[in-house]
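Colleague: Predicted model, plus sequence, below.
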Amino acid sequence: MDRGRSSSAPAEPDKALRIDVRVLGDLLGEVLRTQAGAEVYETVERVRKQGKALREPGRGEEDPALQALYAVVEAIPPHRVRDVVRAFSLFLTFANIAEQRHKVRLRRLEQVRAARGEHDAPSIDSCVDTFSRMIAAGIPKEEVYRAAVSQKVEFVLTAHPTQVVRRTLLARYNRISDALKAGDSKDLTPDEQAAVRDQLRREVSTVWHTDELHRSRPTPLDEVRGGLAVLEQSLWDAVPRFLRRLDRALVEHTGKALPVDAAPIVFGSWIGGDRDGNPNVTADVTEEAVRMCRWTAAKLLHDEVDALCQELSMDTASDALREAAGTEREPYRALLRRRRELLANTLRAIEAALEGEAPETDERETVGGLLGALMLAKESLEATGQGIVAEGRLLDLIRRVHCFGLHTARLDIRQESERHTETLDAISRHLGLGSYREWPEERRMEFLVAELSSKRPLIPPDLPASPEVREVLDTFAKLATLPPDSLGAYVISMAHNPSDVLAVELLQKEAGVARPLRVVPLFETIDDLRSAQDIVASLLDLPWYRDRIDGRLEVMIGYSDSSKDGGRLAAAWELYQAQERLVSLCRSRSVHLTLFHGRGGTIGRGGGPTQIAISAQPAGSIDGSLRVTEQGEMIQWKFGTPDIAVRSLEIYSTATLSATLTPPAEPSEAFRRRMDALAERSMKAYREVTRAERFVEYFRTATLELELGSLQIGSRPARRKAGNGLSSLRAIPWIFAWTQTRLHLPAWLGVEAAFCDSIDEGHLDELRAMAAEWPFFESILSLLELALAKSDGRIAAHYDALLTPPELADIGEDLRSRLDRVEQCLLRVLDQDTLLEHSPALQRSLQLRRAYLDPINLIQAELLRRQRLADDDELQDALLASVNGVAAGLKNTG
């Protein structure tokens, strides 16, 4: 499309974005007018025009413009509500697509300008800039090189119930992004411009006529397919592209290339392995998930080897390759045809297993065999003067094998510690040893250590077991049969004691797991974070355990439940200190520690910009290795297209390298004392509110928490166990509900008391010094500012007015008063007049979205009111559509 600007002109960097948004908006309007009908189009326009009056936040809960918009919303005929919600939701979705595409466009423009010498420096988080800064700061080139090629960043994809968009539509959205990319070309003919416009028109029309709702709750295997789709359609291409970028930067700044076997980026998955509170994930489901991952890897590798067979047609080859190929003519093809045949056998064997049938042959491909053939081809090409050919598709495939293997992503297993306790209790009772559950920790440890060293079996074959115990035992038995290279870690959620770790070690031993999974305790409450050092120290005191881990330890820290337990500010400080203590402990014991960060998409669950999150970690906590979860819609946002994925991989990689080689300075004792006081005051205020007698009742009526169970979003129930209180509610729906009402309470509650009290006590200058000198505190303020910029007390008040009984009104009024206080106090600490004062582009983006997001919120509140009066399938569909719309407008759910 002719956007009226040259791709090399930086004068109006956002002009192309505005044009893309306008084009997509116009096409949506065209579809509404010509296909949805005049009534829908006119209603949408009426709501949109009224919504524009609400662009400025903070105008008060009695804002006449808000009341006028609600009057328009209330008058929408019931049979048209869903169409109106969908129209606004799609506009926000299209704006997201355009913004993502624009990020790539700006990055490309920056690289072109840098190559032309038109500006001073590349992006601060690019490989080129990172290496340049480090070497300029005096870090030896060899040290930079060694750290870059040896570091390990592992992304663990999870299927938490936050991905509200169907995979069918995600594919359509990617096609829209591709069409926008095609329109960026400077030399399109009029016919080509028209073709791009027509392609966009077709995609917008198709999206409008595609049902956006999940009509049944996805199964765990549906979620596995979703995760594999991102790996197959985006990351498979993005990984070798990123590694080429890393290689070029290393050669430019250190004079040495990236080793061909380096795998600084790898992938794991919880999808199909995370059974914590999800009875739908069984041993058989885990087996199916592993097979699906292996089938995907084998299919991708088969297709790449087939393409190489077509490409490597030359006869010139080394003697070693000719001997291996067994032919003089087209020896590369002969060599690769054998690998292709073995991969085809592998595919058929997996397909037979998925169908419950026996394979036709036992001849299958192995990672070692495939790599051996590929390296032989590479060495032959290089030895015969054809190195340029070796550096193309062949090198990319070798690097893919090192990254993805024959497993695509290694599957973690996760289970709650109580399920293992229940299993061992059943065993000890059956054997007449007493109740394992009732034993003190010292007795449990004695028993576990003795059994781990024993050569006799512990579990009798006739053990009577409840369904829950049987499923735990079946899972361990299944692990013993699965390919070891397909498995990652065994994560224990709600780990409270050293025995929780040894219990899993013992159950693996009893099941005959030949290559036991590394066992990773997950510390996720405030109390458990405080106990983490003592728990790990107790384990490291055991000779058996020291031998087992062989100098390498992994510990997971949870951001979601700790925040739900004590509030975001207190949790952040506890997480920071827990990491410091664990790092110090492991260094004193000469153990390499990898911290596994269980982050979510929202700020209340540890989310936020990658660079800020990693730079805020304590010194030494990222020592060349990082494991991090990527959850729900954030997988699509960070890895949904190859261009975006390459950039995300680069940002994570350079941030990890920076944290390893240039860690932040430790905070002063004065800063620590102030942070102690802030965290203590914050947690006290947070718990006073959330543990008050009427709070749960208010939460359940003022938000859609009651309706979450009927939303067909994820395979996992919203609660770990039965109950109506906050303790049984998962952190995800807790944050999901507050995000939808725009109060964003988990991101800030308690901070208002901590900051305002500290300012009143005369500590404003100290808070500003902490923000200027301490990356951790700076990140807290940055993320808080972003959360508050997305919040809107007027909208939350509207939910209260429609949904909460009068006797609970004072709770909502108090919360909104606290929201006002935290914003005013934050602005004083930041020394700003408005939120996002130094991020005008983001400020404009959020302001534009409000005109489309506010109507969806008002409609959602009205739908909740109507739905609670009379359960109606038509209202249910519209309500689900409104959830999609709010998620699109805020770019996350929970």
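Modeller: On my side now, so go ahead.
Colleague: Name the nearest residue to residue 245, ignoring sequence neighbours.
Modeller: Residue nearest to residue 245 in three dimensions, not counting chain neighbours: residue 127, with 5.9 Å by CB to CB, 6 or more residues apart in numbering. In this view, the C-beta of every residue, glycine as well, is placed from N, C-alpha and C.
Colleague: Assumed residue 521 was part of a helix.
Modeller: No - using DSSP: H, G, I helix; E, B strand; the rest coil, the assignment for residue 521 is strand, not a helix.
Colleague: Kindly state the beta-bridge partners for it.
Modeller: As for beta bridges, residue 521 partners with residue 492 under DSSP bridges.
Colleague: low-confidence ranges in the stretch 201-350 of the chain?
Modeller: 214-215 (pLDDT under 70).
Colleague: Now with 80, please.
Modeller: Scanning the stretch 201-350 of the chain for pLDDT under 80 picks out 212-217.
Colleague: Helix or strand for the residue nearest the centre of the chain, just tell me which one.
Modeller: Centroid-nearest residue in the chain: residue 630, 1.9 Å away (criterion: CA atoms, centre = their mean). Using DSSP states H and E, residue 630 sits in strand 625-631.
Colleague: what's the pLDDT at residue 733?
Modeller: Here the pLDDT value assigned to residue 733 is 81.
Colleague: Please identify the buried residues of the host helix or strand of it?
Modeller: Assigned by DSSP H and E, residue 733 belongs to helix 731-740. For helix 731-740, a neighbour-count test (16 or more other CB atoms under 10 Å) marks 731, 732, 733, 734, 735, 736, 737, 738, 739, 740 as buried.
Colleague: Just give the number of residues close to the residue lying closest to the first one once chain neighbours are set aside.
Modeller: Excluding the flanking residues, the one nearest residue 731 by CB to CB, 6+ apart is residue 560, at 3.4 Å. Each residue near residue 560 was counted by other CB atoms under 10 Å, and the total is 27.
Colleague: Please, where are all the helices along the stretch 601-750 of the chain?
Modeller: Ranges of helices in the stretch 601-750 of the chain, per DSSP state H, counting those that start in this stretch, are 610-615, 633-639, 642-661, 669-690, 695-702, 731-740.
Colleague: so which of those helices gets nearest residue 257?
Modeller: Residue 257 lies closest to helix 642-661 among the helices of the stretch 601-750 of the chain, at 16.3 Å (CB to CB).
Colleague: average pLDDT for the helix ranked longest in the chain?
Modeller: The longest helix of the chain (DSSP state H) is helix 81-115. Across helix 81-115, pLDDT averages out at 88.
Colleague: can you give me the angle that helix makes with helix 642-661?
Modeller: With axes from the mean of the first three to the mean of the last three CA atoms, to 10 degrees as the basis, helix 81-115 and helix 642-661 are set at 60 degrees to each other.
Colleague: Tell me the helices and strands packed up against helix 81-115.
Modeller: Where contact means 3 or more CB pairs under 8 Å, 6 or more residues apart in numbering; DSSP states H and E, helix 81-115 is packed against helix 15-31, helix 38-51, helix 167-182, helix 190-208, helix 642-661, helix 840-869, helix 873-890.
Colleague: In JSON lines: these, plus mean neighbour count.
Modeller: Shown next, in JSON lines, are these (neighbours: other CB atoms under 10 Å):
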{"stretch": "helix 15-31", "mean neighbour count": "18"}
{"stretch": "helix 38-51", "mean neighbour count": "18"}
{"stretch": "helix 167-182", "mean neighbour count": "18"}
{"stretch": "helix 190-208", "mean neighbour count": "16"}
{"stretch": "helix 642-661", "mean neighbour count": "22"}
{"stretch": "helix 840-869", "mean neighbour count": "20"}
{"stretch": "helix 873-890", "mean neighbour count": "23"}
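Colleague: Of those, which is nearest residue 295?
Modeller: Nearest of these to residue 295, taken as CB to CB: helix 167-182 at 17.4 Å.
Colleague: give the contact list for the closest residue to residue 72 other than its chain neighbours.
Modeller: Of all residues not flanking residue 72 in the chain, residue 50 sits nearest, at 5.1 Å (CB to CB, 6+ apart). Neighbour list for residue 50: 65, 68, 69, 72, 855 [criterion: CB atoms under 8 Å, 6 or more residues apart in numbering].
Colleague: Check residue 340 too.
Modeller: By CB under 8 Å, 6+ apart, the contact list for residue 340 reads 302, 305, 306, 309.
Colleague: For the one helix or strand residue 413 maps to, C-alpha coordinates in PDB please.
Modeller: Using DSSP H and E, residue 413 sits within strand 410-416. Taking C-alpha atoms only, strand 410-416 is exported to PDB below (Å, rounded to 0.1, in the frame of the first residue of the first chain):
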ATOM      1  CA  ARG A 410      11.300 -30.700  26.700                       C
ATOM      2  CA  LEU A 411       8.200 -31.400  28.800                       C
ATOM      3  CA  ASP A 412       8.300 -30.500  32.500                       C
ATOM      4  CA  ILE A 413       6.100 -32.300  35.000                       C
ATOM      5  CA  ARG A 414       4.400 -30.200  37.700                       C
ATOM      6  CA  GLN A 415       2.500 -31.500  40.700                       C
ATOM      7  CA  GLU A 416       1.500 -30.000  44.100                       C
END
